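Trainee: how would this look folded up:
(one chain, ligands or ions: 3)
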Amino acid sequence: MSSRHPFDLSLTLVTDAALCGERGVAAVVAEAVAGGATIVQLRDKLASTEQLLEQVAELAGVIDGRAALVVNDRLDVVVAARERGIRVDGVHLGQSDAAVLAARDALGPDAIVGLTANTRAHLDAVARLPRGTVDYLGVGVIRPTSTKPDHPPALGVDGFAVLAAATDVPCVAIGGVGAADVPELRRAGAAGVAVVSAICAAPDPRAAAAEFAARWAASAGIEADGGSPTASGAPRPAGGVPRVLSIAGSDPSGGAGIQADLKSIAAVGGYGMAAITALTAQNTRGVRGVHVPPATFLADQLDTIADDIEVDAVKIGMLANAEVIDTVAAWLRRIRPPVVVLDPVMVATSGDRLLDPDAERALRDLLPLADLVTPNVAELAVLADAEPATTWAGVIAQAETVSAGFGVRVLAKGGHLDGATAPDALVDAAAATIVEFDGERIATTATHGTGCSLSSALATLRASLGAWEPAVAEARRWLRESLRHGESLAVGGGHGPVHHFAGLWSRGGLATAPTPAEVEAEWWAEIADVRRAIDELPFIRALADGSLPRTAFEEYLAQDAHYLRVYSRTLAEASRLAPDAPAQAFWAAGAQRCLDGELALHRDRLHDLRGPRDQRARPFEPNAANTAYLDHLVASGSRGGYAELIAAVLPCYWIYDDLGRRLVTGGFGPEALSPEHPYADWLAMYGEPAFELATRQAIDTVAAVASRATPAVRARMLRAFRRSAEHELAFFAAPWPADRIEVDA
Ligand SMILES: Cc1ncc(COP(=O)(O)OP(=O)(O)O)c(N)n1
Ligand SMILES: Cc1ncsc1CCOP(=O)(O)O
Ligand SMILES: [Mg+2]
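Mentor: Numbering: from 1, shown residues only. Ligands and ions are numbered 1, 2, ... in the order given. The predicted structure follows:
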C-alpha cells in the first residue's frame, strides 16, 4: 500500500441499493463499518447527481471517519460534495470513466484515487502515469459474478496473482469474492478485497464484514510464503485440512464417482464430503443402470452441508440432467466456494454422449462458475464445438478456445491420445498462459475413475497449496503413483481402479505390492550373478565363437531334447492350473511349441550329427544337472501350485531369449554373426521374434501374478525363479565336465 495514505485497503464495501433492500444502504454501511469495513464505496448507477450528493452526505455522517468514503465513477459528485463541506475521501474510476490524472488534479494529493485494471495493458498504462496518481487498483473479476453483468473475463486467484506481481501499485481483489477467499488472495498479493453481495446481501452485514476482517487479520504474514508445512512436508492451507465436497454420482464398485473422489481427497490430505447426484449400477466392465434421485433432494444435501460446514473446495463430476445441473449452478452462485473444479462428464469411453442436448446446454452455463474444468479429449471437443483433436497441439488449441469462450481455466489432458507420453497442460486464456506437464505414459489396465480421481485431488490440492501450478504437479505425481499400483489391487475383470493409497501405504510402512514392472526389474536383478556366470562359461564362449567341439554340442542337444519333453509337460500343467482362459491358452501354446518346434529341430540335428544308427547305438541318459532341474520344476508345481510353477518355468524363456539374442546379434563378439558359424541356424531359433514375443508374454504373465500375490507367495515365487536360473547355469556347464556345477536340492 502507498505509504502516502493512512488508508487501510483491506476491506472495501461497494454498495448496492437493491441488495441492501428495505434495510437501506446507510443502515447496511453502518453495520459493515462496525464489523470492520475499512473503505465504503458508494456505487449507484441509477441515482441522479442530486440523489448521489444526498447519499454521500448521509453515508459520511454514518461512517463518521471510522472508514474512508469514496464514490464510484462520479468525480463530479466528489468535487461537488467537497464544495458543500461533506467529508468524502476520494473516487473509484473504471477504464471508461473520468481520467485518473484529472481526478488527482481535482482532488489533490491526499485524496484516494482508485482505478480498475484487469489486463497487462492496463498495468502498463498505469506505469506510464506520474508516480502517486493512483493509490490502488481494483483487479478482477476473481470469478464470475451476477452483481456486475458486464464484467470482464474472470481472472481467478492465479490470474490476479500474475497481475498483482506485475505492478507496485496495491491491488484490491474484486468480483465473486467470499470471506473464505481472503487467505489465498492475501497470499496472491492482494492489498485488500472489495465486495458487494457478500456483505450487502448478507442477513447480518456486521457479522459478514467481521468475518472478512478476522480472516484478513488471521492471514497476516502469509503473503510471501506458500503455507506452513505439515509434518509430512506438504504445505497445508492457513485454515488447516481443506474441507472438500464432491458433487458426483455413485460408483458402487468403488473406482470412480464419489467413492473415488472421497479416496482421492483423503489420499492427498483433505476432508472429503459427498452430495450424490445419481446412483449407477456399474463395475469395472461397464455401466448397467442409472437412477437419478429428485434434484430437490440434491439441493437438500447441498444446503445441509453448507448450513453447517465451510466448504473450501468443490469437485463436480457426473450431473445427470439439466435440472441437476441448474440445481448445482444455483447453489454455487449462492455459496461461492473458493475453489470449484468441474470434471465435465459428457462423453463415455465408448464415445457415446452421456448428456441430452438440454443438459449439455446447462453444463455450458455452469462452466464459468468453475475455476478449472478438466475435460478429456472427447469432452473438450464437444465444448469447443469441434471434432476430437488427434494431436497434442490440437488439444491445446481447443483448450484455448474453451478457456477464452467460457472464461475458465482448462486442464487439457493428453491421456486419451496415442503416444509414449501422457501430457497435461494448464491453459488460461485470461492470463495468456499455458503451463505444460509431461511424463511417460503408464502402461496399465487400471484406469477406471482416473478423471474423477484427478479432478478431486486437484480441488483438494488447490485448496491446500493456494495455486494451480503446484496443485497440478502434485496431483499428477500422486495419480501416476496410484496408476502404477492399480493392477496390484486385482479388482474386477475389466478396467480396474487406480490404487489411491499406494503412496500413503508404502510411506506408512504398510506393504504395497510392487507393480509388474517392478517385479520384472527386481527378479532380473536378482539373478544378475547367475547370468554373469552363464556368460563366462567356456561352453557359452565356445558356442558363441563357433569353437565348441561337436561332441559337447551333441551332448548338450541330447540333454536339451530330454529336458524339453518334460518341460513341455510342466507347461501343460501350468495351463491346467491357470486361473483364466488367456493364461491357460498361453501355457498350452508353450507346451505345444516345445514339442512341435524345438523337439523336432533337436531330433533333426541329433540325427544329422550322429546319424540314425549311431543314435540307436547309444542309449540316452539324462545327466545329473538335467534331472535336478526337472525335479525342481515338477516339485515347484506340486508344492507351490500355479504361482510357483510359472515362476520356475520362466528362466528357461527369459535366459534363453536374452542369451540367444546376444549370441545372434553379436553380443558376444563379431564371430557370433559369421555365416560359417557351425551352429548358426540353431542359435537363430532363440533370436526369433516369435520366441521373443512368447518370452515377453511369459514375463508379463508371471510378473502380474507376482505383483498381486501376498508377500509370502511372492517370496516363494522368487525363490523358485532363482533356483531355476541356477539350474540353467548347471545345465549349460554340464556338457563340459570342467564346468560342472551342482545346485542344492
Ligand atoms: C475496488 C473496485 N474495483 C473495481 C471496480 C469496478 O469499477 P468499474 O470497472 O468502473 O465498474 P463499475 O463498478 O463502475 O461498474 C469497483 N467499483 N471497485
Ligand atoms: C463492482 C464490481 N466491479 C467488478 S466486479 C463488481 C461487483 C462485485 O460484486 P460481488 O462481490 O457481489 O461479486
Ligand atoms: Mg465505473
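
Trainee: what's around residue 579, how many residues?
Mentor: Residues lying near residue 579 (other Cβ atoms under 10 Å) number 10. Every C-beta, even on glycine, is put in place using the N, C-alpha and C of the backbone.

Trainee: And for it, nearest residue in space, chain neighbours not counted?
Mentor: Residue nearest to residue 579 in three dimensions, not counting chain neighbours: residue 642, with 6.9 Å by Cβ to Cβ, 6 or more residues apart in numbering.

Trainee: average pLDDT across the host helix or strand of the one you found?
Mentor: Assigned by DSSP states H and E, residue 642 belongs to helix 624-664. Regarding helix 624-664, the rounded mean pLDDT is 92.

Trainee: what does stretch 548-558 give?
Mentor: Stretch 548-558 comes out at a mean pLDDT of 85.

Trainee: Going by neighbour count, list what's buried in that stretch.
Mentor: Neighbour-count burial for stretch 548-558 flags 548, 552, 553, 554, 556, 557, 558 (criterion: 16 or more other Cβ atoms under 10 Å).

Trainee: Can you give the distance from the helix or strand harbouring the last one to the centre of its chain?
Mentor: If you go by DSSP H and E, residue 558 is part of helix 550-577. In this view, helix 550-577 has its centroid 49 Å away from the chain centroid, taken as Cα atoms, centre = their mean, to the nearest Å.

Trainee: Could you list the contact residues of this structure toward ligand 2?
Mentor: Selection of the chain residues close to ligand 2 by Cβ under 6 Å from any ligand atom yields 14, 140-141, 145, 147-148, 151, 174-177, 195-198.

Trainee: Next, work out how far apart residue 544 and ligand 1 are.
Mentor: For residue 544, the distance to ligand 1 equals 80 Å [Cβ to the nearest ligand atom, to the nearest Å].

Trainee: That residue: how many residues sit nearby?
Mentor: Neighbours around residue 544, by other Cβ under 10 Å: 22.

Trainee: Would you mind giving the buried residues of stretch 548-558 as TSV with distance to ligand 1 added?
Mentor: Output for those, formatted as TSV (distance: Cβ to the nearest ligand atom, whole Å):
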residue	distance to ligand 1
548	88
552	91
553	89
554	93
556	87
557	89
558	92
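
Trainee: So of the residues you listed, which two are at opposite extremes in space?
Mentor: 548 and 558 (14.4 Å; Cβ to Cβ).

Trainee: Neighbours of the residue lying closest to residue 369 once chain neighbours are set aside, how many?
Mentor: Spatial nearest neighbour of residue 369, chain neighbours left out: residue 332 (4.7 Å); criterion: Cβ to Cβ, 6+ apart. Close neighbours of residue 332, defined as other Cβ under 10 Å, add up to 21.

Trainee: per-residue confidence averaged over the helix or strand where residue 477 lies?
Mentor: Assigned by DSSP H and E, residue 477 belongs to helix 468-484. Here helix 468-484 scores 89 as its mean pLDDT.

Trainee: Can you tell me what sits against the next helix or strand after that helix?
Mentor: Going down the chain from helix 468-484, the next helix or strand is helix 502-507, by DSSP H and E. With contacts defined as Cβ atoms under 8 Å, 6 or more residues apart in numbering, helix 502-507 is touched by 232, 267, 478, 481, 482, 484, 485, 488, 511, 512.

Trainee: Between those residues, which sits nearest ligand 3?
Mentor: Ranked by distance to ligand 3 (Cβ to the ion), the contacts of helix 502-507 are led by residue 478 at 44.3 Å.

Trainee: Angles on the backbone of whatever residue of the chain ends up closest to ligand 3, please.
Mentor: At 3.1 Å from ligand 3, residue 94 is the closest residue in the chain, using Cβ to the ion. As for residue 94, its main-chain torsions (degrees, to the nearest 10) stand at phi -90, psi 180.

Trainee: All the helices of the stretch 51-200 of the chain, residue numbers only.
Mentor: 75-83, 100-107, 120-128, 156-165, 182-187, 197-200 (DSSP state H, counting those that start in this stretch).

Trainee: re earlier: after the helix holding residue 642, which helix or strand is next?
Mentor: helix 680-686.

Trainee: Remind me what that following helix packs against, helices and strands.
Mentor: helix 600-610, helix 624-664 (3 or more Cβ pairs under 8 Å, 6 or more residues apart in numbering; DSSP states H and E).

Trainee: among these, which is nearest residue 23?
Mentor: helix 624-664 (74.7 Å).

Trainee: what does the stretch 551-700 of the chain put close to ligand 1?
Mentor: So the stretch 551-700 of the chain never meets ligand 1 (Cβ under 6 Å from any ligand atom).

Trainee: Format the helices of the stretch 51-200 of the chain as a markdown table; extra columns: mean neighbour count and distance to ligand 3.
Mentor: What follows is these, written out as a markdown table (neighbours: other Cβ atoms under 10 Å; distance: least, Cβ to the ion, whole Å):
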| stretch | mean neighbour count | distance to ligand 3 |
| --- | --- | --- |
| helix 75-83 | 19 | 11 |
| helix 100-107 | 17 | 12 |
| helix 120-128 | 13 | 13 |
| helix 156-165 | 23 | 18 |
| helix 182-187 | 25 | 21 |
| helix 197-200 | 25 | 17 |
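
Trainee: any chance of these in CSV, with mean pLDDT too?
Mentor: Conversion of the helices of the stretch 51-200 of the chain to CSV gives the following (pLDDT from 0 to 100):
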stretch, mean pLDDT
helix 75-83, 96
helix 100-107, 94
helix 120-128, 90
helix 156-165, 87
helix 182-187, 88
helix 197-200, 96
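
Trainee: out of those, which comes closest to ligand 1?
Mentor: helix 120-128 (10.2 Å; Cβ to the nearest ligand atom).

Trainee: isn't residue 196 right next to residue 147, touching?
Mentor: Yes: using Cβ atoms under 8 Å, residue 196 is in contact with residue 147, at 4.7 Å.

Trainee: higher neighbour count, these two?
Mentor: residue 196 (23 against 20).

Trainee: What are the phi and psi values at the more buried one?
Mentor: phi -110, psi -70.

Trainee: Next: residue 313.
Mentor: Per degrees, to the nearest 10, the backbone of residue 313 is at phi -160, psi 150.

Trainee: Might you report the residue contacts of it?
Mentor: Here residue 313 is in contact with 242-245, 270, 337-341, 459-460, 462-463 (Cβ under 8 Å, 6+ apart).
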